[in-house]
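Undergrad: predicted model and sequence follow; I will ask about them next.
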Amino acid sequence: MNDPMTQDLLQERLRRIPGVDQVLLRPRAVQWVAHTSRNFVVAEIQKLLQEIREALRSGNALADGSTDPDELDRALEERLKSRLRPALRPVINATGVILHTNLGRAPLSTAAQNCLSAVSSQYTNLEFDLKGGERSYRDALLEPLLSELLGCESAVVVNNNAAAVFLILNTLAPGKEVIVSRGELIEIGGSFRIPDILTRSGARLREVGTTNKTRIRDYEAAIGPDTALLLRVHPSNYRIRGFTHKPELRELASLAHSRGLPLVEDIGSGCLLDLRRFGVREEPVAQESLSSGADLICFSADKLLGGPQAGVIAGAASHVGAIRKNPLMRVCRVEKLIYGALEATLLSYRSGKALEEIPVLNMISMPAEELRIRTSRFAAKLRPRLPAGTLVDVVDGESVVGGGSCPDCSLPATLAAIESENPGPSAIEARLRAQDPPIIVRLEEDRALIDLRTVFPPQEAALLDGLLAALSPS
């Protein structure tokens, strides 16, 4: 024991611990049994009482107070709430990282949310042709819309972009060589590496060029009888600067086609609009890649496109058709909720309202003055309610796109910077994560920074209350 205790005193304290049946008679326990189950409540009471016993035996003097009836009620209440709380929960993202991979990347549009609600609770025409009254295939739902928006012959949806790359290689290059620049042998989050995917797909990697420079003649020299395709991979999460070179896509397409080979481009983030005017540069636009000669492209749907997690393969009908017939297509296919949310997202592009309706694009295109006004108003509401010794300033800063997209891009932002000694920044951050809903902020230079770019306006009241609770002195 850390705090020596006589056996008599220990036994006396252990005797104060009530029995399970006694706790079950408490009004709050009775209420919990009524709306959950007796077995569930009993199991949690047993665990709680055992933890108190172990704490007392270990010499924890604070555990003695935990046998107080009101304290037991409080501890049991918190324990039962925690056990019934879903593991996957909405959070308030106040970090300013728009495509925050750890926070689920792209939040869905209102239209996508409404579609999810409708198709999840009813039967749908997922694989049924309403005109002909016959069985159909699920890809028919989105192929026309994707082909229209991308300007291509055909398209298919799979569960993510890693699956898209794998299916392309497994279908078009099993046992054959795939030529890739050394500067594009990327690794993204979760240790997903292009060379590993190539190997698993059954294709063979043929590296050309150097890390910083690959010329068209490097590709040309590498093409041989075993070459199946040329692969270009967009380095979504890094950039190589300085003494660099890579062929233009049109140049690469011309070479591939002159040798009777397909050119495949993994464009990564699924950008369907030119976002350069908002500071998002060097991200390939899907339509431009196809019009420049790529026979197939693939990309994620939950990044710059702003939809649910999915991968899109688009391009020549002959190649997409072969991929669709691959037996592994069934392993990688998506279900009705993804189709519904993705279609609703794509319809915003068709209507020309993507910037207004899709949260990711709305955040990227948010005018600097709008963000400044929102932040100043928020700080003005927070400031008079802060405890003594806590300060909030409105400062200049940066938001980032995130999600492995546009690593060099930062968006000018106005931030609320909170300084406090008691509690300190780390304690504030931890307390905010413990709120309901949890609030995620970033820490810089001993300050907690709040970036409202990634906070939806209806969340501001909960953010304000959560901050005030977290900032109360310990």
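TA: All right, it came through fine.

Undergrad: select the longest helix from this structure.
TA: The longest helix of the chain (DSSP state H) is helix 38-57.

Undergrad: tell me which other helices or strands that one touches.
TA: Packing contacts for helix 38-57, counted by 3 or more CB pairs under 8 Å, 6 or more residues apart in numbering; DSSP states H and E, involve helix 7-15, helix 20-24, helix 27-35, helix 69-84. Any C-beta I mention is one placed from the backbone N, CA and C, and that applies to glycine too.

Undergrad: ok now do Ala173, which residues does it touch?
TA: 201-204, 228-229 (CB atoms under 8 Å, 6 or more residues apart in numbering).

Undergrad: between the residues you listed, which has the most around it?
TA: Ala203 (24 neighbours; other CB atoms under 10 Å).

Undergrad: so Leu273: helix, strand or coil?
TA: coil (DSSP: H, G, I helix; E, B strand; the rest coil).

Undergrad: which ones are touching it?
TA: Contacts of Leu273 by CB under 8 Å, 6+ apart are 285, 349, 354-355, 361.

Undergrad: between which two of the contacts of Ala173 is the distance greatest?
TA: Spanning the widest gap among these are Gly202 and Leu229, at 13.2 Å by CB to CB.

Undergrad: ok, back up a step: so can I have JSON lines of the helices and strands packed on helix 38-57 showing mean neighbour count, distance to Glu177 and mean pLDDT?
TA: Listed next are those as JSON lines, based on neighbours: other CB atoms under 10 Å; distance: least, CB to CB, whole Å; pLDDT from 0 to 100:
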{"stretch": "helix 7-15", "mean neighbour count": "12", "distance to Glu177": "73", "mean pLDDT": "82"}
{"stretch": "helix 20-24", "mean neighbour count": "15", "distance to Glu177": "68", "mean pLDDT": "93"}
{"stretch": "helix 27-35", "mean neighbour count": "14", "distance to Glu177": "63", "mean pLDDT": "94"}
{"stretch": "helix 69-84", "mean neighbour count": "14", "distance to Glu177": "54", "mean pLDDT": "91"}
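
Undergrad: mind checking pLDDT for the residue nearest to Pro412 when sequence neighbours are not counted?
TA: Using CB to CB, 6 or more residues apart in numbering and skipping the chain neighbours, the partner closest in space to Pro412 is Ala368 (5.4 Å). According to the prediction, Ala368 has pLDDT 95.

Undergrad: run a quick neighbour tally on Ala368.
TA: Using other CB under 10 Å, Ala368 has 13 other residues around it.

Undergrad: would you mind measuring from it to Ala413?
TA: According to CB to CB, to the nearest Å, Ala368 stands 8 Å off from Ala413.

Undergrad: so who does Ala162 touch?
TA: By CB under 8 Å, 6+ apart, the neighbours of Ala162 are 192, 197, 311.

Undergrad: excluding chain neighbours, what is closest to Val119?
TA: Of all residues not flanking Val119 in the chain, Gly340 sits nearest, at 4.3 Å (CB to CB, 6+ apart).

Undergrad: for the closest residue in space to Leu305 that isn't next to it in sequence, give me the pLDDT.
TA: Spatial nearest neighbour of Leu305, excluding adjacent residues (CB to CB, 6+ apart): Gly270 at 3.7 Å. Reading off the confidence values, Gly270 has pLDDT 93.

Undergrad: likewise for Gly242?
TA: 63.

Undergrad: same question for the one 10 residues further on.
TA: In the prediction, the pLDDT value recorded for Leu252 is 97.

Undergrad: which element, helix or strand, includes it?
TA: Element membership for Leu252, per DSSP states H and E: helix 249-258.

Undergrad: give the buried residues for that helix.
TA: Residues of helix 249-258 classed as buried by neighbour count (16 or more other CB atoms under 10 Å): 249, 252-253, 255-256.

Undergrad: centre of the chain to it, how far?
TA: Taking the mean of its C-alpha atoms, helix 249-258 sits 35 Å from the chain's own mean (CA atoms, centre = their mean, to the nearest Å).

Undergrad: CA-only coordinates of it, as CSV, when you get a sec.
TA: This file holds the C-alpha atoms of helix 249-258, laid out as CSV (Å, rounded to 0.1, in the frame of the first residue of the first chain):
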residue,chain,number,x,y,z
LEU,A,249,0.5,14.6,-69.2
ARG,A,250,-0.2,15.1,-72.9
GLU,A,251,3.4,14.2,-73.7
LEU,A,252,3.1,11.0,-71.6
ALA,A,253,-0.2,10.1,-73.2
SER,A,254,1.2,10.6,-76.7
LEU,A,255,4.0,8.1,-75.9
ALA,A,256,1.7,5.6,-74.4
HIS,A,257,-0.7,5.7,-77.3
SER,A,258,2.0,5.5,-79.9
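
Undergrad: domains in this protein, by residue range?
TA: 7-84, 92-101+363-471, 108-354 (automatic domain parsing).

Undergrad: ranking the ones you listed by mean pLDDT, which is last?
TA: Out of the domains of the chain, domain 7-84 stands lowest, with a mean of 88 (criterion: mean pLDDT).

Undergrad: measure it end to end?
TA: 38 Å (CA to CA, to the nearest Å).

Undergrad: residues making contact with the helix or strand where Phe299 lies?
TA: Under the criterion of DSSP H and E, Phe299 resides in strand 296-300. For strand 296-300, the external contacting residues (CB under 8 Å, 6+ apart) are 150, 160-161, 164-165, 168, 262-271, 286, 289-290, 305, 309-316, 319-320.

Undergrad: and stretch 103-113, what's buried?
TA: For stretch 103-113, a neighbour-count test (16+ other CB under 10 Å) marks 103-109, 111-112 as buried.

Undergrad: from those residues, pick the one nearest Ala221.
TA: Within the buried residues of stretch 103-113, proximity to Ala221 (CB to CB) peaks at Arg105, which comes in at 39.4 Å.

Undergrad: give me the number of neighbouring residues for the nearest residue to that closest one once chain neighbours are set aside.
TA: Excluding its sequence neighbours, the residue lying closest to Arg105 (CB to CB, 6+ apart) is Asp302, at 4.5 Å. Applying other CB under 10 Å, we find 28 residues neighbouring Asp302.

Undergrad: what of Pro359?
TA: Neighbour count for Pro359, taken as other CB under 10 Å: 17.

Undergrad: same check on Arg431?
TA: Number of residues near Arg431 (other CB under 10 Å) recorded here: 18.
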